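J.: Predicted model and sequence below, questions to follow.
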Amino acid sequence: DADALLASAIAAQAVFPQAYNNRGNLRARQGRSEEAIEAYEFATRQFPGYKEAWFNMALELERSNRIEPALAAFDQVVRLDGKHAPAHFARARSLLRAGRYREGFAGYLWRWAALGGRASYCPDPRRNDGGVLPLPRKLDFRNAGSRRVVLMPEPLPAEELMFARFVPMLLASGVNVQLAASERIGGMLVEGAALPMFDGQFREDDLLLPTGDIPYVLGLDNPADLPAPLALASTSLMEPQVLGQRLQAAGAGPYLAVSWRSVLSSANASPDALSAEAVAEWVRVWPGTAVSVQPDATAEECAKISELAGKPLLAMGDVVTAPSRLLALMGQMHQFVGVSGLPMHIAANAGLPTRVLVRPGDEWCLGDGLAQFEGQGKDQGEDQNEDNGVGKGESPWYPQAELIRCSALPQMPQAVAEIAARLASA
């Protein structure tokens with residue numbers, strides 16, 4: 001097997017950094033994080049210029065919530081290759097996860113190159129030659145004068161929802177701003193009155209800025225200064241009563257929205273899907289009907305979860321593939337439980353009671369660190385402060401969501417069980 005082959009290669013050749021790097025990749029896939037990091041360290045000691053091993057080690061350290069060592073490893077990658085976009089972006093993600101926003105949003109400019117596109121920055125929609133917008137500078141929007149600020153959409157719809165919260169702040173300060181949100185997201189955004197949406201006609205003197213770079217331009221430093229999430233309204237043609245009737249025909253309430261896989265770019269280092277057994281544990285204890293809001297769920301997945309739970313998980317694949325329809329469905333739900341991804345963002349923005357299992361490597365907006373449950377996993381009389389790898393907390397981006405944190409993959413069953421206990425008592 002792969003283990004035996006790598007062991008033979010290492011035994012036959014004393015200095016073999018590629019073999020140690022491959023061993024690290026194998027251990028990382030197996031969830032054996034410490035052994036993966038140790039293997040990457042061997043590779044970098046044997047060949048200090050091995051940027052792939054440094055980068056892999058940095059990612060594994062990030063997934064293990066060891067932010068400072070991860071930053072040091074990302075820095076080494078950048079020293080070896082100053083244009084290594086994934087390292088720049090991942091380093092920024094670690095800084096943002098740690099709440100170091102001023103540094104993090106400066107590096108967040110690298111996301112365009114890191115997400116696999118050819119452009120080094122946001123493409124300029126006014127040009128036909130593949131040109132990009134100039135890199136933004138920190139500025140006071142109030143000095144924009146009569147120039148219109150057009151906020152360009154983000155690569156991922158979840159990020160569009162996150163960063164659109166800054167638009168009312170700009171409007172309140174008198175900025176002439178229009179939001180060029182993607183069609184899949186723009187129709188859902190309201191804040192009292194509809195946000196000023198882009199009219200489709202660019203002007204020569206427009207100031208174009210990706211929405212995700214507003215915090216950088218504003219010099220945002222303190223997570224406490226974040227605006228509240230925007231309210232959402234569904235533009236779906238599916239009337240709420242139609243959805244309600246369909247749900248009632250399938251099973252009795254209360255209704256639980258469930259997701260189990262982060263549909264994100266690989267540049268975000270998102271973890272694998274939760275196991276069917278873990279999801280089934282939540283479905284089994286919920287007192288009403290559980291509904292899949294996983295956009296890419298297959299019929300086979302839902303059937304397996306239903307079989308393991310001993311009760312049905314309702315699949316609504318024709319509804320959850322479009323964000324506006326997914327929002328309409330969330331309006332019929334009583335709670336959301338799952339992992340990071342677009343369904344979580346929609347549920348939290350819509351004000352639905354939300355529980356999120358935060359795993360190593362999840363979205364940076366869910367933060368970092370652990371605050372322990374009292375007595376979780378301990379016998380009576382033991383030290384209540386002993387770290388057992390499971391904790392709770394909140395995100396400054398979604399302060400009303402309840403986050404159940406898992407510091408390492410071996411502690412996943414504890415975190416899943418903690419959420420199940422809370423669902424059972426809902």
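T.: Happy to help now that I have it.
J.: Please count neighbours and contacts with C-alpha atoms only from this point.
T.: Fine.
J.: Tell me, please, where in the stretch 1-150 of the chain the pLDDT is lower than the cut-off.
T.: Applying pLDDT under 70 to the stretch 1-150 of the chain flags residues 1-15, 116-119, 138-144.
J.: Show me what counts as buried in stretch 179-199.
T.: Buried residues in stretch 179-199, defined by neighbour count with 16 or more other CA atoms under 10 Å: 179-181, 185-190, 195-198.
J.: Can you measure across it, start residue to end residue?
T.: Taking CA to CA, to the nearest Å, stretch 179-199 runs 9 Å from one end to the other.
J.: what's in contact with it?
T.: Applying CA atoms under 8 Å, 6 or more residues apart in numbering, the contact partners of stretch 179-199 are 150-153, 157, 160-161, 167-168, 177-178, 230-235, 322-324.
J.: The same query, at a cut-off of 6 Å, please.
T.: With contact meaning CA atoms under 6 Å, 6 or more residues apart in numbering, stretch 179-199 is reached by 150-153, 178, 231-235.
J.: May I see those organised as a markdown table, with neighbour count added?
T.: What follows is the contacts of stretch 179-199, written out as a markdown table (neighbours: other CA atoms under 10 Å):
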| residue | neighbour count |
| --- | --- |
| 150 | 23 |
| 151 | 23 |
| 152 | 23 |
| 153 | 24 |
| 178 | 20 |
| 231 | 16 |
| 232 | 24 |
| 233 | 17 |
| 234 | 23 |
| 235 | 18 |
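J.: now, among these, which is nearest to residue 207?
T.: Of all the contacts of stretch 179-199, residue 150 has the smallest distance to residue 207: 6.1 Å, by CA to CA.
J.: List the contacts of the closest one.
T.: By CA under 6 Å, 6+ apart, the neighbours of residue 150 are 177-179, 208.
J.: I'd like to know which of these is nearest to residue 301.
T.: Checking the contacts of residue 150 one by one against residue 301 (CA to CA), the nearest turns out to be residue 179, at 37.4 Å.
J.: For residue 340, give its distance to residue 163.
T.: The gap separating residue 340 from residue 163 is 16 Å, by CA to CA.
J.: now swap in residue 201 and tell me
T.: 23 Å.
J.: neighbour-wise, which of these two wins?
T.: Applying other CA atoms under 10 Å to residue 201 and residue 163 shows that residue 163 carries more neighbours, namely 22 against 6.
J.: Among the contacts of stretch 179-199, which ones are in strands?
T.: Members of these lying in strands (criterion: DSSP state E): 150-152, 178, 231-232.
J.: if we can go back for a sec, reformat the contacts of residue 150 as JSON lines; add pLDDT and distance to residue 95.
T.: Below are these laid out as JSON lines (pLDDT from 0 to 100; distance: CA to CA, whole Å):
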{"residue": "177", "pLDDT": "91", "distance to residue 95": "29"}
{"residue": "178", "pLDDT": "92", "distance to residue 95": "29"}
{"residue": "179", "pLDDT": "91", "distance to residue 95": "27"}
{"residue": "208", "pLDDT": "90", "distance to residue 95": "26"}
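J.: what about the closest residue to residue 106 other than its chain neighbours, which helix or strand?
T.: Using CA to CA, 6 or more residues apart in numbering and skipping residues adjacent in sequence, the residue nearest residue 106 is residue 216, 6.0 Å away. Here residue 216 sits within helix 214-218, counting by DSSP states H and E.
J.: Can you name every helix or strand that that helix contacts?
T.: Using 3 or more CA pairs under 6 Å, 6 or more residues apart in numbering; DSSP states H and E, no helix or strand is in contact with helix 214-218.
J.: can we see that at 8 Å?
T.: Packed against helix 214-218 by the contact rule (3 or more CA pairs under 8 Å, 6 or more residues apart in numbering; DSSP states H and E) you find helix 101-107.
J.: Tell me who's in contact with residue 284.
T.: By CA under 8 Å, 6+ apart, the contact set of residue 284 is 309-311.
J.: Now the buried members of those residues.
T.: Using 16+ other CA under 10 Å as the burial test, those include 309, 311 as buried.
J.: In helices only, show me the buried residues of stretch 179-199.
T.: 185-186 (DSSP state H).
J.: Stretch 274-292: end-to-end distance?
T.: In stretch 274-292, first residue to last residue: 13 Å (CA to CA).
J.: Check the offset of that stretch from the chain's centre.
T.: 21 Å (CA atoms, centre = their mean, to the nearest Å).
J.: hang on, residue 162 packs against residue 229?
T.: Yes. Between residue 162 and residue 229 there is a contact at 7.2 Å, judged by CA atoms under 8 Å.
J.: quick one: the most centrally placed residue in the chain from residue 349, how far?
T.: For the chain, residue 363 is the residue whose C-alpha lies nearest the centre (CA atoms, centre = their mean; 2.8 Å). Residue 363 is 16 Å from residue 349, where distance means CA to CA.
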